Structure formats: structure tokens, C-alpha cells
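Engineer: Dropping a prediction and its sequence here:
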Amino acid sequence: MRNLSVWHEAQVIGIQNITPTVREIHLQPAAMESAQPGSHINVKVMIDDRPDHRSYSVVRQLDNGGLVIAVKQLPDSRGGSRYMWTLEPGARVSVTPAACDFELSYGAPEYLLIAGGIGITPIFAMARALASRGEKVRMLYAARSREELAYAEELRALLDDSVQLFTDADGTHMDIAAEIENLHPKGELYICGPLGLMEAVRGQWRAQGREPAGLHYETFGSSGRHPSGPFTVKVPRLGLEVNVPKDRSILDVLTEAGVEVLSDCRRGECGLCAMDVTSINGEIDHRDVFFSEEQHSENKQLCTCVSRLVSGSIAVDPAWKGDPELRK
């Protein structure tokens, strides 16, 4: 599990808008540290006057030891991006040391990098590292419009014709099946992006009989098939019923109510916060990558950090079977 007890102060030393909705924030931590490609830091944020934290990938490291993260302003987010966009140079924030759950391994005969939207942040760092080592690498990068293709010019300079750009506005789309088929049999694929893209890549990887160890991915945990809306969660064993607003997670609301819930990644990857579903009055929008598509269709469990109900109510049974004193 991540160690969220180790925090130190960092200062905002620069701000740069790189697209209309993506802002680079340059941070100078109190202590020098190293951040490998795929690393992230946690940042303490304030959401509706409540303390919380959010994870952001490290785009690159500055010569003076500073770290650069990029934050996309999301109108339907739970509030982390709104807070981060209020920061100005000179502001001080609490951050954790850089950690890596999305590690880039070297020495493969070929690499295929795929990024969707703000998923470009760790993938850009990987592209820079691989290009600097002269590795054989191809990259696919999709966004809604050309103006939202962050780091496009830098990628062209790094990879030349080996980077392909796709946008919804231009009506261009990745041929995922063909790209995986063209990848060296021992090649590795790294992807970060929205859930639909992630599932398409994972499905094609399995369909082509590729080794699971060659596929590496990271999500940004909040994308789903339906817009976020409010719904009700019941925990019959505890006699509890709570309302989940559109900008908060089941995990957050149940934890605030006093329910003991283990959690770690908060991106739907580790499965630690998963709960059994005992009844549903509505449709579950599964937003995790921990459970398989078959398990999603069964609706027997859900990851409470990211998955939601489209509307209505859901009854769950937490894994923790203690008898907590619920907060009033």
C-alpha cells in the first residue's frame, strides 16, 4: 500500500497552460529526489473545505530537482482539478515522495505506447526515456481535438513519424488490432487513458494470445460510460443508508459515515476497496480495471473508489465484518 504518512512541503515555482484545459504545475520539493518514468506523487487538496489527496503523474524532472505534473481541468471532477487550478507561483502544498506503480522496463525488442487524453502524462515521460536510449518505439495518442493534444510538438521532435495523433474532431481512430498485430512478439505495450480505450486494448491483447506480462497500464480512475450523478448506497448489515453526490465516491461517503473500508490506489486498479453487491435498483457503471468484463456483467462486486450507480440505489456488504461505531 502507498505510504500516505510521509508528506513534505513543496513550493509552486511555475505554472504553464499547455492546452486550454491542461496546466503544468512546477513543484520544488524541500528535498531532492528522483522520479523515474511512470512515477506519481500525491498532493494534499481541499475539496468543499474537506482535506483530501489526489495522485498526479510526474511528466518530467527539472535540473534543480523540481518535479513537473500536468493537471486537466475537468468540469465533472470531484474537485481535485479545481483546487489544483487555483494554485499560483509561491503557493505551498504538501506532497509525498515520488513512487512508481507503472514501471517502465528496458531491453524489449520494441515498444508500443498508447495515450488517451490526460493519460499522456506518464506516457510522455516514457517516450522521452525510451527515445533518449535509442529504443525502438511507436506511439499512438488520441484526444478530443488538436488543441487538446498536449506535448504533440515535443513528441514529433522525439519520435518523428513513429508517433500517430488522433482526434475525435478529425474523425480519426486507432486501429488497435492492427497495431498490436504489428508489434514484435516479445514487444511491450504501455497504455494510460480512459476506460473505453483501456478495455479495447486489453481485449485485443487477449484476443491475439499475447503474454499478459507484456501489457502494462495505468488508469486515471474517474472515467465511465455514463455521466456522474447522485444515488443511494445502503449497508443493510449496519442499518446504514447514505446519499452519494455526483462529485464524491462511494468509498469517500462510506468512510465519512464510519464504515471501515480498506483502500489503496483509488483508481480502480488494486481491488482493495471492493465490496459485495447484495441488491441493485439501477445500473452499475463499472469504472475499474481490476475486475474482468465477465465479472462486471455479473454485478456481484464493485470497486467503491471509482464505480458508481447511474441512478437509483444499491446495497453493498463491506469486506470488513467488524462492528464500527458509525459517525453521527
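Structural biologist: Structure received.

Engineer: what helix or strand does Ala70 sit in?
Structural biologist: strand 67-72 (DSSP states H and E).

Engineer: average pLDDT for the next helix or strand after that strand?
Structural biologist: Going down the chain from strand 67-72, the next helix or strand is helix 80-84, by DSSP H and E. Averaging pLDDT along helix 80-84 yields 90.

Engineer: What helices and strands are in contact with the strand holding Ala70?
Structural biologist: If you count contacts as 3 or more CB pairs under 8 Å, 6 or more residues apart in numbering; DSSP states H and E, strand 67-72 packs onto strand 22-29, strand 39-47, strand 50-61, helix 80-84, helix 120-132. (C-beta placed from N, C-alpha, C; glycine too.)

Engineer: which of the ones you listed sits most buried?
Structural biologist: Counting by mean count of other CB atoms under 10 Å, helix 120-132 has the highest mean neighbour count of the helices and strands packed on strand 67-72, with a mean of 23.

Engineer: which secondary structure elements does that helix contact?
Structural biologist: Under the contact criterion of 3+ CB pairs under 8 Å, 6+ apart, helix 120-132 touches strand 39-47, strand 50-61, strand 67-72, strand 111-116, strand 137-143, helix 152-159, strand 188-192.

Engineer: possible to save the ones you listed as a markdown table with mean pLDDT?
Structural biologist: Listed next are the helices and strands packed on helix 120-132 as a markdown table, based on pLDDT from 0 to 100:
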| stretch | mean pLDDT |
| --- | --- |
| strand 39-47 | 91 |
| strand 50-61 | 89 |
| strand 67-72 | 96 |
| strand 111-116 | 97 |
| strand 137-143 | 97 |
| helix 152-159 | 96 |
| strand 188-192 | 97 |
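
Engineer: Mind checking the ones you listed for the one nearest to Gly171?
Structural biologist: strand 137-143 (11.8 Å; CB to CB).

Engineer: Could you spell out the sheet neighbours of that closest one, each with its direction?
Structural biologist: strand 111-116 (parallel), strand 163-167 (parallel) (DSSP bridges).

Engineer: And the contacts of it?
Structural biologist: Here strand 137-143 makes contact (CB atoms under 8 Å, 6 or more residues apart in numbering) with 110-117, 120, 123, 127, 130-131, 149-150, 152, 155, 159, 162-168, 173-174, 179, 193, 197.

Engineer: Could you turn the buried ones of those into a ChimeraX selection?
Structural biologist: Here is the ChimeraX selection string for the buried members of the contacts of strand 137-143, based on 16 or more other CB atoms under 10 Å:
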select :110,111,112,113,114,115,116,117,120,123,127,130,131,149,150,152,155,159,162,163,164,165,166,167,174,179,193,197
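
Engineer: Show me where the stretch 151-300 of the chain has its helices.
Structural biologist: 152-159, 176-181, 195-207, 250-256, 293-298 (DSSP state H, counting those that start in this stretch).

Engineer: what's the most buried one of the ones you listed?
Structural biologist: helix 250-256 (a mean of 19).

Engineer: Off-centre distance for that helix?
Structural biologist: The chain centroid and the centroid of helix 250-256 are separated by 19 Å, computed with CA atoms, centre = their mean, to the nearest Å.

Engineer: Please name the residues that touch Gln28.
Structural biologist: By CB under 8 Å, 6+ apart, the contact set of Gln28 is Ala10, Gln11, Ile13, Asn64, Gly65, Gly66.

Engineer: Neighbour-wise, which one of those leads?
Structural biologist: Tallying neighbours with other CB atoms under 10 Å puts Ala10 at the head of the contacts of Gln28, with 23 neighbours.

Engineer: how much space between that residue and Leu27?
Structural biologist: 4 Å (CB to CB, to the nearest Å).

Engineer: what do you get for Leu149?
Structural biologist: Distance from Leu149 to Leu27, by CB to CB: 24 Å.

Engineer: repeat for Ala143
Structural biologist: Counting by CB to CB, the gap from Ala143 to Leu27 is 25 Å.

Engineer: can you give me the end-to-end distance of stretch 63-74?
Structural biologist: Separation of the first and last residues of stretch 63-74 by CA to CA, to the nearest Å is 30 Å.

Engineer: Which positions within that stretch qualify as buried?
Structural biologist: Gly66, Leu67, Val68, Ile69, Ala70, Val71, Lys72, Gln73, Leu74.

Engineer: which residue packs closest to the last one, ignoring adjacent ones?
Structural biologist: Among residues not flanking Leu74 along the chain, Ser81 sits closest, at 5.0 Å (CB to CB, 6 or more residues apart in numbering).

Engineer: domain parsing for this structure?
Structural biologist: Under automatic domain parsing, the residue ranges defining each domain of the chain are 8-100, 111-218, 231-317.

Engineer: okay if I get the helices of the stretch 151-300 of the chain as a markdown table plus distance to Ser55?
Structural biologist: As requested, the helices of the stretch 151-300 of the chain are exported to a markdown table (distance: least, CB to CB, whole Å):
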| stretch | distance to Ser55 |
| --- | --- |
| helix 152-159 | 23 |
| helix 176-181 | 26 |
| helix 195-207 | 17 |
| helix 250-256 | 14 |
| helix 293-298 | 24 |
